[in-house]
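>>> sequence? don't have it. structure:
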């Protein structure tokens with residue numbers, strides 16, 4: 001009897017991938033053939049054939065990929081919210097003066113006040129760094145300005161690259177069209193890569209996985225300099241997960257994939273609409289201005305024939321935009 005102790009149904013195993021490829025080539029497989037690869041049914045890569053209950057047919061790979069990535073994206077969003085709650089909780093505590101009795105942990109997290117003090121601390125930390133600089137840059141009014149806003153970071157980034165360092169930066173998808181970002185990459189030289197996601201965490205700079213800088217208030221006049229190993233490992237793990245889900249933008253841009261004619265941005269907006277968010281919240285989370293968000297919402301409404309905001313949410317859910325292929329019940 002074939003042993004399946006090693007088989008984890010949460011991920012598609014190699015035999016499962018082989019059977020799925022066979023199903024794509026042939027159009028269907030038998031239930032008996034799929035008996036030893038339950039992961040295909042758990043991942044909803046196979047569904048019952050409409051004409052023969054003894055057969056299973058494959059769902060399109062694009063649909064399968066979308067379903068596989070959705071739980072990961074949800075977990076990333078949960079971690080982003082958790083990080084924001086932690087910073088909000090600890091902000092008043094970190095403002096307290098630290099005396100000698102605070103212990104060795106006190107210097108592991110420092111509060112920096114004012115843009116000049118924050119920039120000086122980042123510059124000093126970058127002068128010590130030798131290997132990696134990982135950044136998360138959400139789209140804001142500041143990042144959409146002219147290239148002049150990037151002059152200081154550009155100079156210190158170039159110095160870091162000249163020493164043999166490498167830089168990896170995550171932006172939101174809206175950053176793919178930002179002139180200031182494009183101008184920045186036209187001037188920089190060295191081992192640099194950039195990728196994009198619909199949503200990212202708040203700003204992060206992580207150097208050599210040993211020191212991190214994160215905002216401590218909304219207007220970014222306060223920041224935390226973090227050197228605690230547990231926290232920097234957490235930031236590194238979060239960045240690596242986001243990076244693996246992101247779409248390459250630089251040095252070689254990859255076109256964002258569409259699914260049955262629906263773009264990733266439309267799906268992202270549709271998801272937030274169904275969750276009941278306002279235009280302002282949608283624009284903020286996706287890194288675009290409210291006017292652009294409303295243009296996309298209007299296009300979704302026109303395409304689905306919606307006459308009201310409430311009806312639009314219902315039509316999105318019914319249309320299958322968020323889950324293009326549904327298993328029969």
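Ah, there it is. Small disclaimer: the values here were computed from a predicted structure and weren't measured.
>>> what's the longest helix in this protein?
Longest helix of the chain, by residue count under DSSP state H: helix 61-94.
>>> next secondary structure after it?
Following helix 61-94 in sequence order, the next helix or strand is strand 109-113 (DSSP states H and E).
>>> what average pLDDT does that following strand get?
Strand 109-113 carries an average pLDDT of 90.
>>> for the helix or strand containing residue 118, name the packing helices and strands.
Per DSSP H and E: residue 118 is located in helix 115-128. On a contact count with 3 or more Cβ pairs under 8 Å, 6 or more residues apart in numbering; DSSP states H and E, helix 115-128 meets strand 109-113, helix 151-162, strand 204-207, strand 211-215, strand 222-226. Yep, even glycine has a C-beta here, placed from its N, CA and C like the rest.
>>> so how far is it off the chain centroid?
26 Å (Cα atoms, centre = their mean, to the nearest Å).
>>> for that helix, which outside residues touch it?
110, 112, 133, 152, 156-157, 159-160, 205, 207, 211, 213, 220-221, 223, 225 (Cβ atoms under 8 Å, 6 or more residues apart in numbering).
>>> tell me which of the helices and strands packed on helix 115-128 sits nearest to residue 21.
With Cβ to Cβ as the criterion, residue 21 lies closest to strand 204-207 of the helices and strands packed on helix 115-128, at 38.4 Å.
>>> strand partners (parallel or antiparallel) of the closest one?
Using DSSP bridges, the strands paired with strand 204-207 are strand 132-137 (antiparallel), strand 211-215 (antiparallel).
>>> figure out which of those strands is closest to residue 53.
The nearest among the strands paired with strand 204-207, by Cβ to Cβ, is strand 132-137 at 48.9 Å.
>>> let me see the mean pLDDT of that closest one.
pLDDT averaged over strand 132-137 gives 94.
>>> now the angle between helix 61-94 and it, please.
Using axes from the mean of the first three to the mean of the last three Cα atoms, to 10 degrees, the inter-axis angle of strand 132-137 relative to helix 61-94 is 90 degrees.
>>> wait, doesn't residue 54 sit right on residue 30?
Yes - between residue 54 and residue 30 there is a contact under Cβ atoms under 8 Å: 6.1 Å.
>>> for the two, indicate the residue with more neighbours.
residue 30 (13 against 10; other Cβ atoms under 10 Å).
>>> ok, residue 64 - how many residues close by?
Count around residue 64 with other Cβ under 10 Å applied: 19.
>>> what sits against the residue nearest to it when sequence neighbours are not counted?
Of all residues not flanking residue 64 in the chain, residue 45 sits nearest, at 4.9 Å (Cβ to Cβ, 6 or more residues apart in numbering). By Cβ under 8 Å, 6+ apart, the residues touching residue 45 are 12, 16, 20, 58, 59, 64.
>>> what do you get if the cut-off is 7 Å, keeping everything else the same?
The contact partners of residue 45, by Cβ atoms under 7 Å, 6 or more residues apart in numbering, come to 12, 20, 58, 59, 64.
>>> how close does it get to residue 30?
Taking Cβ to Cβ, to the nearest Å as the measure, residue 45 falls 15 Å from residue 30.
>>> what's the answer for residue 280, then?
In terms of Cβ to Cβ, residue 280 sits 53 Å off from residue 30.
>>> residue 266 now?
37 Å.
>>> do the same with residue 320
28 Å.
>>> count of residues packed around residue 318?
Using other Cβ under 10 Å, residue 318 has 9 neighbouring residues.
>>> residue 274 too?
15.
>>> give the buried residues for the strand or helix carrying residue 230.
Taking DSSP H and E as the criterion, residue 230 maps to helix 229-245. Neighbour-count burial for helix 229-245 flags 231, 232, 234, 235, 236, 238, 239, 242, 243 (criterion: 16 or more other Cβ atoms under 10 Å).
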